[in-house]
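K.L.:
just a sequence and a predicted model for now, questions to come.
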Number of protein chains: 2
Amino acid sequence: MVLKSFVQVDADSHFPLENLPYGIFKSEQQSPRPCVAIGEFVFDLSVISSAGLFNGPFLKDSDCFHQPSLNKFVGMGRPAWKEARTTIQKLLSVDEPTLRDNAILREKSLLPMNKVQMLLPTVIGDYTDFFSSMYHARNCGIMFRGPENAVNSNWFHLPIAYHGRASSIVVSGTDITRPRGQSHPVGNSPPYFGPSRKLDFELEMAAVVGPGNELGKPVDVNEAADHIFGLVLMNDWSARDIQAWECVPLGPFLGKSFGTTLSPWIVTLDALEPFSCDAPKQEPQPLPYLAEKNSKNYDISLEVRIKSAGQEQESVLTKSNFKHLYWTITQQVAHHTINGCNLRPGDLLGTGTISGPEPDSLGCLLELTWNGKKSLTLNGLPRTFLEDGDEVVLTGVCKGDGYNVGFGTCSGKIIPAHN
Amino acid sequence: MVLKSFVQVDADSHFPLENLPYGIFKSEQQSPRPCVAIGEFVFDLSVISSAGLFNGPFLKDSDCFHQPSLNKFVGMGRPAWKEARTTIQKLLSVDEPTLRDNAILREKSLLPMNKVQMLLPTVIGDYTDFFSSMYHARNCGIMFRGPENAVNSNWFHLPIAYHGRASSIVVSGTDITRPRGQSHPVGNSPPYFGPSRKLDFELEMAAVVGPGNELGKPVDVNEAADHIFGLVLMNDWSARDIQAWECVPLGPFLGKSFGTTLSPWIVTLDALEPFSCDAPKQEPQPLPYLAEKNSKNYDISLEVRIKSAGQEQESVLTKSNFKHLYWTITQQVAHHTINGCNLRPGDLLGTGTISGPEPDSLGCLLELTWNGKKSLTLNGLPRTFLEDGDEVVLTGVCKGDGYNVGFGTCSGKIIPAHN
């Protein structure tokens, strides 16, 4: 049965009463504060909190909705999240008079989304990026190491990851400056230096950490879901030429750290639960600390579109799905903490590029153009990597019976390199 | 001429009036707040600020010394740092009556160091670790790739680095739990899983970022010194077995992220200036964005000592020097930001292991024992890697004419793995 709100929600909206994703907005009148999305409105949780309408045991005395980020709320854990969801779902329901019949409070708390500015939902202490799509790992391996040794032997035993740069994470809609940097020398000449010539997007999602763990105390894989508040879309922009030259032996650095774009809405695991599905069978069987009683993925349809400078219409670049990931987000949490490393509320765990098995489900231009060796056709012209003026838009949506649980969009436009 | 304070400073103290390193302390009576070290005292800057004694243009209306971290102060830039240094040096001078002759203010502002607890000096948004000692890079290369290809071809063109984990950075004196994790399988068996069997220290220093830069706006190498507030000692604890198994293709992750120890005192570049020296000649010449008008290192004597469980005396493990670094900290800043990546006040830039050219100047057990192939003798017993109960102590000092500018110590004890 589809839930019904007194707020108008179009049939194709990403944000019905079943979703209620969390974000942080500000406007000319309002300082940054938590909200959820409902239809084409943001629902100001600070107003609802001030009105005393969060009256359950976890939230009634909390100032978590009077913060400029969601860190405090996500750190409170699942009981508080459940209480908030139940309260908000009830308050926005068509059958509930409290808000429906209170024009002043309604006007104060429900603001048109197009009149506010969305910000990053959390202050991100640390950002980790995994490498959890086997298709992506295999394609990269074939490209750079050849088909015999495509996937390194460690890959099937642990969810490979690296530490990313937190400072350069930006919210959807922020322009991305083309990075400058070094790339491979040709022959005996010095390395190339200049604007990246192989600028790429990466279709990813990322988990937002909830309570987290103390330093030295690993999280059990079967309790790891309680440490994940929800998911966002993520574009892990990559400069392939910079990355290729710098990455031996310590991994990606400046090829990644010039910018990473997040969607503003965190869709909670509670909202995603109806779309959970079995994770792929893992062979070899993972070590006990990674063995889950219930190994879950989510069926989230993903799409990447591009609009070049001067183009009116977006073109679809690829379609993939979150369920293609080999390593689950709960395994990622268990692995990340097995050495005692502490996760903190609001930390970000990227999935890595989510490529699927089909040629049109590859999650980046590196794979789609086989490192520039074959062109795509864009707007009638051949294309390998991103050009200045390109706008890349990621979307993600779970299709329910008569409703969507969606992530909105995660977009960014490339602007020319700094001179 | 040696500066003289009315506070007693022993001849071998690390903290004379020439130094004045910054830290954050707390005590039972005092919430966390900024201080400098003088002799065996901490000098509470919040008290001095409240007394109106910071009366220069940058500091007189600032609340930077009423913060629980140094981030605000380090973000203010060199003019504010100079003003603070001049003011503090004058206030503590033997010739200046303001504090010397005010017993109440003196007692309030000067607290015995052994009665307070030192905390991390800044909130670290991002931590980057470089790989800037050629000796260390070469030794690791010989060990893992053989002598022909010891130093990868990119190494001499750019200061290689990776993103580290900020959450697990702890202050000197914090115990380090031996990490558990996977390491290389033997033959066809699954990977080893358990407590690390190759736990190591790494002798490093780290630069604390000052004002930093906006996303998309690189820092010029010749202005980079204005973005470095000072240096600390750093022990980048490493689990060599975990690291070796996980690090292809994305670099070190859980082999590092279980803990990184910092000394509590940030010694400013102003205090280090008398100990600056020429950096090594770089061949090939670096690209223009890394070419400095004045390429500077610092002559800082470094030492690592160890005390095993039950041992009374520390043994010296190695002696090295900051001046052995090939890439300078200003080149590190220029490289880090050339792609537009933003540095924020309080961010940390580790140097990488500081190995020197001599066999007794190697900065980690990996090198000292050649990956466990040859033993050291410790307490009469053979030893390759760290054992539970080992306490590792880093120190660093610049020897002036009649005084030291020192870093104090950076220590940590290994406790058994979590079960």
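P.N.:
Cool, the structure landed.
K.L.:
just the strands from the stretch 251-400 of chain A, written as ranges.
P.N.:
For the stretch 251-400 of chain A, strands defined by DSSP state E, counting those that start in this stretch occupy the ranges A:260-262, A:267-268, A:276-278, A:296-298, A:301-307, A:315-321, A:348-350, A:376-378, A:381-383, A:391-399.
K.L.:
contacts for the first one, please.
P.N.:
It refers to strand A:260-262. Residues outside strand A:260-262 that contact it (CB atoms under 8 Å, 6 or more residues apart in numbering or on different chains) are A:120-121, A:127, A:164-165, A:168-172, A:174, A:176, A:206, A:232-237, A:348, A:350, A:410-412. C-beta coordinates here come from the backbone N, C-alpha and C atoms, glycine included.
K.L.:
strands - which of those residues land there?
P.N.:
In strands, defined here by DSSP state E, the members of the contacts of strand A:260-262 are A:127, A:169-171, A:176, A:206, A:232-235, A:348, A:350, A:410-412.
K.L.:
list just the nearest of those residues to chain B.
P.N.:
Using CB to the nearest CB, residue A:170 is the member of those that lies nearest chain B, at 7.2 Å.
K.L.:
the closest one bridge partners, please.
P.N.:
Taking DSSP bridges as the rule, residue A:170 bridges to residue A:261.
K.L.:
for it, give me its contacts.
P.N.:
By CB under 8 Å, 6+ apart, the residues touching residue A:170 are A:120, A:176, A:259, A:260, A:261, A:262, A:412, B:215.
K.L.:
nearest to chain B: which residue in the stretch 251-400 of chain A?
P.N.:
Of all residues in the stretch 251-400 of chain A, residue A:251 sits closest to chain B, at 2.4 Å by CB to the nearest CB.
K.L.:
isn't that residue up against residue B:162?
P.N.:
Yes - counting by CB atoms under 8 Å, residue B:162 is a contact partner of residue A:251 at 5.3 Å.
K.L.:
what's the overlap in contacts for these two?
P.N.:
Common neighbours of residue A:251 and residue B:162 (CB under 8 Å, 6+ apart) are A:162, B:251, B:252.
K.L.:
what about the first one, how many residues nearby?
P.N.:
Pointing back at residue A:162 there. As a burial measure, residue A:162 scores 25 neighbours (other CB atoms under 10 Å in any protein chain shown).
K.L.:
who's it bridged to?
P.N.:
residue A:129.
K.L.:
looking at it, it is touching residue B:162, isn't it?
P.N.:
Yes - here residue A:162 reaches residue B:162: they are 7.1 Å apart, a contact under CB under 8 Å.
K.L.:
now residue A:414: which helix or strand?
P.N.:
Under the criterion of DSSP states H and E, residue A:414 resides in strand A:404-415.
K.L.:
and that strand, what does it pack onto?
P.N.:
Packing partners of strand A:404-415 (3 or more CB pairs under 8 Å, 6 or more residues apart in numbering or on different chains; DSSP states H and E): strand A:176-177, strand A:228-235, strand A:260-262, strand A:267-268, strand A:391-399.
K.L.:
and if we set it to 7 Å?
P.N.:
Judged by 3 or more CB pairs under 7 Å, 6 or more residues apart in numbering or on different chains; DSSP states H and E, the packing partners of strand A:404-415 are strand A:176-177, strand A:228-235, strand A:260-262, strand A:391-399.
K.L.:
any chance of the ones you listed in JSON lines, with mean pLDDT and mean neighbour count too?
P.N.:
Below are these laid out as JSON lines (pLDDT from 0 to 100; neighbours: other CB atoms under 10 Å in any protein chain shown):
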{"stretch": "strand A:176-177", "mean pLDDT": "98", "mean neighbour count": "23"}
{"stretch": "strand A:228-235", "mean pLDDT": "98", "mean neighbour count": "26"}
{"stretch": "strand A:260-262", "mean pLDDT": "98", "mean neighbour count": "27"}
{"stretch": "strand A:391-399", "mean pLDDT": "98", "mean neighbour count": "22"}
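K.L.:
out of those strands, the one nearest residue B:55 is which?
P.N.:
Judged by CB to CB, the one of the helices and strands packed on strand A:404-415 that comes nearest to residue B:55 is strand A:176-177, at 41.3 Å.
K.L.:
sorry, back to before: which pair in the contacts of residue A:170 spans the largest distance?
P.N.:
Spanning the widest gap among the contacts of residue A:170 are A:120 and A:176, at 14.9 Å by CB to CB.
K.L.:
tell me how chain A divides into domains.
P.N.:
Per automatic domain parsing, the domain ranges recorded for chain A read A:22-119, A:127-415.
K.L.:
deepest-packed of the ones you listed, please.
P.N.:
Per-stretch averages of neighbours, counted by mean count of other CB atoms under 10 Å in any protein chain shown, single out domain A:127-415 among those, with a mean of 21.
K.L.:
if we can go back for a sec, dump the helices and strands packed on strand A:404-415 to CSV, plus distance to residue B:361.
P.N.:
Below are those laid out as CSV (distance: least, CB to CB, whole Å):
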stretch, distance to residue B:361
strand A:176-177, 42
strand A:228-235, 43
strand A:260-262, 39
strand A:391-399, 49
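K.L.:
out of those strands, flag the one nearest residue B:378.
P.N.:
Among those, the nearest to residue B:378 by CB to CB is strand A:228-235 (43.9 Å).
K.L.:
check the stretch 1-150 of chain A for the residue nearest chain B and tell me.
P.N.:
For the stretch 1-150 of chain A, CB to the nearest CB, closest residue to chain B: residue A:126, 5.2 Å.
K.L.:
report how many residues lie close to that residue.
P.N.:
Neighbour count of residue A:126, defined by other CB under 10 Å: 29.
K.L.:
contacting residues for it?
P.N.:
Residue A:126 makes contacts with A:163, A:166, A:347, B:165, B:166, B:167, as judged by CB atoms under 7 Å, 6 or more residues apart in numbering or on different chains.
K.L.:
do residue A:119 as well
P.N.:
For residue A:119, the contacting residues are A:24, A:25, A:26, A:32, A:171, by CB under 7 Å, 6+ apart.
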